[in-house]
Structures are given as structure tokens and as C-alpha cells.
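Engineer: Fold the stuff below for me.
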Amino acid sequence: MPHDVSLISTIAAGLGLALVFGFICTRLKIPALVGYLLAGILIGPGTPGFVADVGLAGQLAEIGVMLLMFGVGLHFSLDDLLAVRKIALPGAVLQITVATLMGMGLAWWWGWSLGAGLVLGLSLSVASTVVLLKALETRGVLESVNGKIAVGWLIVEDLAMVLVLVLLPALAPMLGGVGAEQAAAGSSLDLWWTLARTLGEVAVFVALMLVIGRRVFPWLLWQVARTGSRELFTLCVVAVALGIAYGAGKLFGVSFALGAFFAGMVMRESDLSHRAAEESLPLRDAFAVLFFVSVGMLFDPRILVEQPLQVLAVLAIIIVGKSIAAFGLVLAFRYPLNTALTVSASLAQIGEFSFILVSMGVALKLLPVEGQSLVLAGALISIALNAAVFKAIEPAQRWIRSRSTLARRLEQRDDPLAELPMETDQGLLTGQVVLVGYGRVGRRIGEVLLKQGVPFVVAEQNREIVESLREQGVPAVSGDAAEPAVLIQAHIARAGMLVIATPDAFNVRQMVSIARQLNPQVEVVVRTHSEDEAELLAKESIGRVFMGEHELAQGMAHHVLERMGKAGTADAHH
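Structural biologist: Below is the predicted model of the structure:
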């Protein structure tokens, strides 16, 4: 037996203590991830007693990030990403800029160099995708419009950080870091060449994945599934996720996390993608725990005592500054208040890219070591508080709407998408179907209704989808259907049926309550993912409930056609 068992001891101590502290936190009504972070602190070098291998823990955490991002890709198609590009792309870029400037201002106040300020600001500007996904999954809104916008926003941030990590070494000499004395006139040309090469490598990787990967990897998954071996199928899923992620990093300079995300996106083209997600879930959960443990191991508790004001300043930028910037940007794009608050809460923490950035900043002699400690302190505390920030969304929404007319004006003022066009055929607004949500399921229902000539109006939060539908001649309004004004604009008072096709079941009861107040005779059809939720909705006489993914849209469409008097065509279609 080998005497060096640091890998085994790190995994055993990390998972064992995470279980103990996670259980205690759960019993105390505190998020379990706080317990995972405490476990990491306990076995880290900043506290006495047993010290686990920090390097190994970091690599295990990287595997967790890759598997988690692979799982996101399995549920997040290219169409989903493109659907939110008009808000995610400019929003993320502007938010990174604002947060970076705030961090640079803080560094200037402390007397740090320009390079130190740039590294600090960038590290505070990018949120942790791992933490966000856990928060969205816990709330059951990962596949909602708000969830897709938040995930798309962070994917843009990740892409931006990939460029930063490649360019930072080239910029270091000009910023006073390593190689400053060798900086010459040719540095500018070298920088542009590095940027062009990086963009080219990322473009080649994305093109290969979308053109070749979308065909090869689903085919491979199907071939392995035909063997009937469950362990081979699981092995194929994990091997593809980690293999593509590693290859993306080594061959194209793309981060492991981003490579794994694209691996999941191309695997999603397979009909077996749901099974792939289920098979990889236990591994994803286990390594995600190790990610939080590794974060705790990097933290030195002494920073809280030695520099408390600096820690509070960093936290203020992470939780308050970034959130306010994102809140204003989302409202400026005329998205609902709930979307603005969800995106703000999503960004109120920092994570994996921040750790990589500060480590590189210290290595390049741009950032002082105390800067790394401050960022780690900010990460640890913001991650621990993030669940509470998400819980504050609903109370904050009620408080803002009860005290401020400005937010309501920003949501609806002079918004052409919040009302149906004047030229809409009034004959289509009596006895129609009001279809809430136009994602994968809603789109398929809409296509069936169009084919069968059943009039319907779409209520959808994604403004780009509403614009696209109107261009196709389909009546659609933008907004949250849990708001009376949105259902009123969809003419729910004269509708024959309300079909709720959005996976965000959080506001279903409110939607149904408003609809029945305005139209007591309206028939309701609801989509849900959970058996418990389906039973509860059925007991409350919400309406006809459909559950699951497989043939969900077909079943809902068949029922709608049947109830709208299209029984013959419904049977033929089915």
C-alpha cells in the first residue's frame, strides 16, 4: 500500500465534514452550502489541525465545475442562448464594466497600482455559475425565462473572462507586473496578435462543436446506449464531458467550464439527453460539494479581524454595487421587475473565475497577496449569503411596487410590446387560447394551434420571442402573466382557455386566480415537473395538469384541440 494517500484523505475529510456541517446547517434552516464552506475552512491551512491538500482539492473542484456546466449544457440549447442574447450580451458587458470601474476606484482609494485595481475589479465583476445553478435549481426556475437570462448572462461573463485570462499576461508588463522592464514598443502589436489568436481559437472550437460535435457525439451516445449497458452509458457521458472540456482547454485555450458547457449543448441534440442528465447527476452533486469545500480551504479567517473595513467594502461592491447596476440595466431593457431582481440576486456573489484571476494577478505581481485574501473573503461571505438574497426577491418586489411608481413605469411606460397592436383582428380575441410561455413546450403547442386554425394569444416574458411572433403575425404581449395587466392585454376576459406552458410553476396559482376573477368560465391547463406539485394543483382544482417532458407538448396540444372543438383533427394529429 502506498504511504501517500493525500487524495483519499482530502476526499474523505472533505465529504465527511461537508456531510456533518451540511446536516447541521440544514437543521438550523441555513443553506447546506454554508456547511460545505465551513468544512473547507476547518481542513484548510488557515485553521489548526488536519490540513488537506489544497492543490488536489482545487483539481477535484474543477471536475465538479466541468460536470455541473455539462449538466447546464444538457438543458440549455443554442436557441435558448440566442433567445436571450439581446439582453445577456450588452447587459453582461456593461455590468462587467461598471463593476470593474468600482473595483478600480476602491483600489485607487487604497493606494494600489492600476494593474492591481484592474485585477481586483475584474475578479469582483464575474459571478459563480456553480452557485447560480444551485440557487436556480433549488427555486425550480432554472428553465424559466428569468433562469435562462441569468444563465445566459453568466455564460457571456465566462466568455469575457476567457479573453481576460489570455490577455492578462500580455498586458502585465504595461501594467507594472512581471516583465515591466522588458516592455517595448512592440508590445501593442503583440497584444493585438494575442487577441486575434484567442478569438480565432474560440471561434474554431465553437464552430467545430456546432457543426461536427452536434452530429458525432449524439450518434456516439446512441451507439453506446444500444449495448444495453448502464455503466458503459454513464462512462460515455462522463468521458465526453471531461474529454471535451480538457481538449477545449489544451487545444483551443477555452476554459474547462466553457468546454464542458458546449459538450452538454451538443449532447442535448440526442434523444437520450434526459437520461444522460440523470446518469451524471450523482457525480455532479458530489463534485459540486468538493468545489465549495475547496473554496473554504483557500480562505484565511484572519483577514476578517485584520482588515474588516476592506472586507466590507469588497462585499458592498459584490452584493450591492453589482446588483444595483444589473437591476437598472434589466429594467432599462424593459423586462419585468421580477426579472431584474432575479438577475441582480444571481450576480450578488463571485466564484471560480475570481479565484483564477486573483491567483494569476498575484503570480504576475500585479495584485498584492492581501488582495487575494480580500477577494476570497468576499467570495466566501457572498456565497454564504446568496440563498438569503434570493429569498429576499419576493419581499423586495412587493416593497418596491408598493412604494415606487418609477419601477412600474419603467416596466410598462410607452412599451409597444406590453399591449396588442391596434390592428389585431378582434375576431381572434374571443374564445381564444391564452398561451403563457413560448419555450420548447409552448412553441410546439403554438405550432399545433396554428396548423389547426385555433386562435391564440401568447403571453411571454422574453421580449425577443414576442417581437419574433409579431413578425409572424401571431398576437403576443410581453410581460409576467402573474400580473393582471398582462392577462388583461391578452384578453383573458373573453378567452376560452388558459394554457400555462412555462416550467416556472412558482406563480401558477396567482395566474389562475387572476384569470378566474376576470373570466370565471375559463378552462385552465397547467404544466408542471413535480408529482407532488401536480397532486397539489389537482386537489386545489387548478385545472387539467400535465407533468413531465416526454410527449408533454403533444399531450397538452391534443387536450387543447379536443376542448376547443377540434376533436377530429386532434385525433388525427395525435
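
Engineer: all contacts plus neighbour counts: C-alpha atoms, from now on.
Structural biologist: Fine.

Engineer: After the helix or strand hosting L167, heading C-terminal, what element do we hit next?
Structural biologist: For L167, the element it lies in under DSSP states H and E is helix 145-171. Per DSSP H and E, the first helix or strand lying C-terminal to helix 145-171 is helix 187-208.

Engineer: Only alpha carbons, please: show that next one as PDB.
Structural biologist: Extracted in PDB, the C-alpha atoms of helix 187-208 (Å, rounded to 0.1, in the frame of the first residue of the first chain):
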ATOM      1  CA  SER A 187       4.000  45.200 -27.000                       C
ATOM      2  CA  SER A 188       0.900  46.800 -28.700                       C
ATOM      3  CA  LEU A 189       1.400  44.700 -31.800                       C
ATOM      4  CA  ASP A 190       1.900  41.500 -29.600                       C
ATOM      5  CA  LEU A 191      -1.300  42.300 -27.700                       C
ATOM      6  CA  TRP A 192      -3.400  42.600 -30.900                       C
ATOM      7  CA  TRP A 193      -1.900  39.400 -32.200                       C
ATOM      8  CA  THR A 194      -2.700  37.600 -28.900                       C
ATOM      9  CA  LEU A 195      -6.300  38.900 -29.000                       C
ATOM     10  CA  ALA A 196      -6.800  37.900 -32.600                       C
ATOM     11  CA  ARG A 197      -5.400  34.400 -32.000                       C
ATOM     12  CA  THR A 198      -7.600  33.900 -28.900                       C
ATOM     13  CA  LEU A 199     -10.700  35.000 -30.700                       C
ATOM     14  CA  GLY A 200      -9.800  32.700 -33.600                       C
ATOM     15  CA  GLU A 201      -9.200  29.700 -31.400                       C
ATOM     16  CA  VAL A 202     -12.500  30.200 -29.500                       C
ATOM     17  CA  ALA A 203     -14.400  30.600 -32.900                       C
ATOM     18  CA  VAL A 204     -12.800  27.400 -34.300                       C
ATOM     19  CA  PHE A 205     -13.800  25.500 -31.100                       C
ATOM     20  CA  VAL A 206     -17.400  26.800 -31.200                       C
ATOM     21  CA  ALA A 207     -17.700  26.000 -34.900                       C
ATOM     22  CA  LEU A 208     -16.300  22.500 -34.500                       C
END
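
Engineer: tell me the contacts of the most centrally placed residue in the chain?
Structural biologist: Centroid-nearest residue in the chain: V151, 2.4 Å away (criterion: CA atoms, centre = their mean). Applying CA atoms under 8 Å, 6 or more residues apart in numbering to V151 gives the contacts T129, L132, L133.

Engineer: Which members of those occur in helices, if any?
Structural biologist: Judged by DSSP state H, helices contain the following of the contacts of V151: T129, L132, L133.

Engineer: which one of those is nearest L208?
Structural biologist: T129 (24.0 Å; CA to CA).

Engineer: Quick check: that closest one touching G152?
Structural biologist: No - if you go by CA atoms under 8 Å, T129 and G152 don't touch, sitting 10.2 Å apart.

Engineer: With neighbour numbers in mind, choose between the two.
Structural biologist: Neighbours were tallied for T129 and for G152 using other CA atoms under 10 Å; the higher tally belongs to T129 (28 against 23).

Engineer: Quick check: closest non-adjacent residue to that one.
Structural biologist: Ranked by CA to CA, 6 or more residues apart in numbering and with sequence neighbours excluded, the top spatial neighbour of T129 is L154, at 6.5 Å.

Engineer: now do F262
Structural biologist: Distances taken as CA to CA, 6+ apart put G73 closest to F262, at 6.1 Å, once the chain neighbours are dropped.

Engineer: export the ones in helices among the contacts of V151 to CSV and tack on pLDDT and distance to G64?
Structural biologist: Output for the ones in helices among the contacts of V151, formatted as CSV (pLDDT from 0 to 100; distance: CA to CA, whole Å):
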residue, pLDDT, distance to G64
T129, 79, 12
L132, 85, 14
L133, 79, 13
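
Engineer: which of these lies closest to F252?
Structural biologist: Of all those, T129 has the smallest distance to F252: 21.3 Å, by CA to CA.

Engineer: ok, the closest one - contacts?
Structural biologist: So T129 contacts M69, V151, L154, G351 (CA under 8 Å, 6+ apart).

Engineer: Reformat the residues you listed into JSON lines and put pLDDT next to each item.
Structural biologist: Output for these, formatted as JSON lines (pLDDT from 0 to 100):
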{"residue": "M69", "pLDDT": "76"}
{"residue": "V151", "pLDDT": "86"}
{"residue": "L154", "pLDDT": "87"}
{"residue": "G351", "pLDDT": "77"}
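
Engineer: Can you pull the phi/psi pair for S229?
Structural biologist: Backbone geometry at S229, expressed as degrees, to the nearest 10, gives phi -90, psi 120.

Engineer: same thing with V141?
Structural biologist: Dihedral angles (degrees, to the nearest 10) for V141: phi -120, psi 20.

Engineer: so how far is A150 from it?
Structural biologist: According to CA to CA, to the nearest Å, V141 and A150 sit 10 Å apart.

Engineer: quick one, which of those two is more surrounded?
Structural biologist: Neighbour tally, V141 and A150, criterion other CA under 10 Å: the higher count belongs to A150, 28 against 19.

Engineer: Run through the residues that contact the more buried one.
Structural biologist: Applying CA under 8 Å, 6+ apart, we find A150 in contact with A88, T342, V343, S346.

Engineer: Could you rerun that using 10 Å?
Structural biologist: Residues in contact with A150 (CA atoms under 10 Å, 6 or more residues apart in numbering) are 84, 87-88, 92, 129, 132-133, 136, 142, 144, 339-340, 342-347.

Engineer: okay, stretch 420-431 in PDB with CA atoms only?
Structural biologist: Presented in PDB, the C-alpha positions along stretch 420-431 are these (Å, rounded to 0.1, in the frame of the first residue of the first chain):
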ATOM      1  CA  LEU A 420     -51.500  44.100 -28.500                       C
ATOM      2  CA  PRO A 421     -51.200  46.200 -31.700                       C
ATOM      3  CA  MET A 422     -54.300  48.200 -32.600                       C
ATOM      4  CA  GLU A 423     -54.600  46.300 -35.900                       C
ATOM      5  CA  THR A 424     -55.100  42.900 -34.200                       C
ATOM      6  CA  ASP A 425     -58.100  41.200 -35.600                       C
ATOM      7  CA  GLN A 426     -60.800  41.400 -32.900                       C
ATOM      8  CA  GLY A 427     -62.300  38.200 -34.200                       C
ATOM      9  CA  LEU A 428     -59.300  36.300 -32.900                       C
ATOM     10  CA  LEU A 429     -59.800  37.700 -29.300                       C
ATOM     11  CA  THR A 430     -63.000  35.900 -28.400                       C
ATOM     12  CA  GLY A 431     -62.900  32.300 -27.300                       C
END
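
Engineer: what distance separates it from the middle of the whole chain?
Structural biologist: Here the centre of stretch 420-431 is set off from its chain's centre by 36 Å, with CA atoms, centre = their mean, to the nearest Å.

Engineer: What residues sit buried inside that stretch?
Structural biologist: L420, L428, L429, G431 (16 or more other CA atoms under 10 Å).

Engineer: could you redo those residues as TSV and give each row distance to S6 and pLDDT?
Structural biologist: Below are the buried residues of stretch 420-431 laid out as TSV (distance: CA to CA, whole Å; pLDDT from 0 to 100):
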residue	distance to S6	pLDDT
L420	64	78
L428	69	76
L429	68	83
G431	69	88
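
Engineer: just curious, which of these is nearest to V525?
Structural biologist: Checking the buried residues of stretch 420-431 one by one against V525 (CA to CA), the nearest turns out to be G431, at 15.0 Å.

Engineer: Could you confirm the closest one falls within a strand?
Structural biologist: No - per DSSP: H, G, I helix; E, B strand; the rest coil, G431 lies outside any strand segment and is coil.

Engineer: Can you pull the phi/psi pair for it?
Structural biologist: Main-chain dihedrals, G431, degrees, to the nearest 10: phi 70, psi 20.

Engineer: In this structure it contacts M497, no?
Structural biologist: Yes - G431 is within contact range of M497, at 7.5 Å (criterion: CA atoms under 10 Å).

Engineer: intersection of neighbour lists for those two?
Structural biologist: F456, V522, M564.
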